[in-house]
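Q: below are the sequence and a predicted model for it; my questions follow.
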Amino acid sequence: MLAVVTMRRTGPHRPGDSPVDAAGFLARLPRGWATDLRQVPGYLALRVRTEQEIGLELIREVVVAALGDPEQGHWRLIGCQALGGGASVPRPAVPVGAAGWRSHLVAEWN
């Protein structure tokens, strides 16, 4: 399964936090997942390749559980989409700037 997961910072941005946040978040994901991380201030996009076809809902559940850690609590999942033309998991509205950024990454990774 190949998917892109997008997260948005909900708390104030502090310079230098994103690399630390990303490392902490990646450490909470299953070891069998191959990942490719992209960052811009206030957003993280993660391309995930799982060993098995586990489905978007399970990927979303794992990410939400990782974001439930108090150290990661200032990030919110805003998207979970299959790459290669698959369906996406319903998600809340995204700010205009984020939508364009996510669309660009999905097109680049497909």
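A: Received, thanks.

Q: which residues of the chain fall in strands?
A: Counting by DSSP state E, the chain forms strands over residues 2-9, 34-40, 43-49, 75-82, 88-89, given from the N-terminal end onward.

Q: need those strands in a markdown table with mean neighbour count and distance to residue 25, can you?
A: C-betas here are computed from N, CA, C, even on glycine. Output for those, formatted as a markdown table (neighbours: other C-beta atoms under 10 Å; distance: least, C-beta to C-beta, whole Å):
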| stretch | mean neighbour count | distance to residue 25 |
| --- | --- | --- |
| strand 2-9 | 22 | 8 |
| strand 34-40 | 14 | 9 |
| strand 43-49 | 20 | 7 |
| strand 75-82 | 20 | 7 |
| strand 88-89 | 16 | 18 |
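
Q: can you put those in CSV and add mean pLDDT?
A: What follows is the strands of the chain, written out as CSV (pLDDT from 0 to 100):
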stretch, mean pLDDT
strand 2-9, 91
strand 34-40, 87
strand 43-49, 90
strand 75-82, 91
strand 88-89, 50
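
Q: next, find the distance separating the closest residue to residue 83 other than its chain neighbours from residue 9.
A: Using C-beta to C-beta, 6 or more residues apart in numbering and skipping residues adjacent in sequence, the residue nearest residue 83 is residue 2, 4.5 Å away. Spatial separation of residue 2 from residue 9 under the definition C-beta to C-beta, to the nearest Å is 25 Å.

Q: contacts only, for residue 55.
A: The neighbourhood of residue 55, defined by C-beta atoms under 8 Å, 6 or more residues apart in numbering, consists of residue 1.

Q: follow-up on the earlier one: okay if I get the strands of the chain as TSV plus distance to residue 63?
A: What follows is the strands of the chain, written out as TSV (distance: least, C-beta to C-beta, whole Å):
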stretch	distance to residue 63
strand 2-9	5
strand 34-40	11
strand 43-49	8
strand 75-82	6
strand 88-89	10
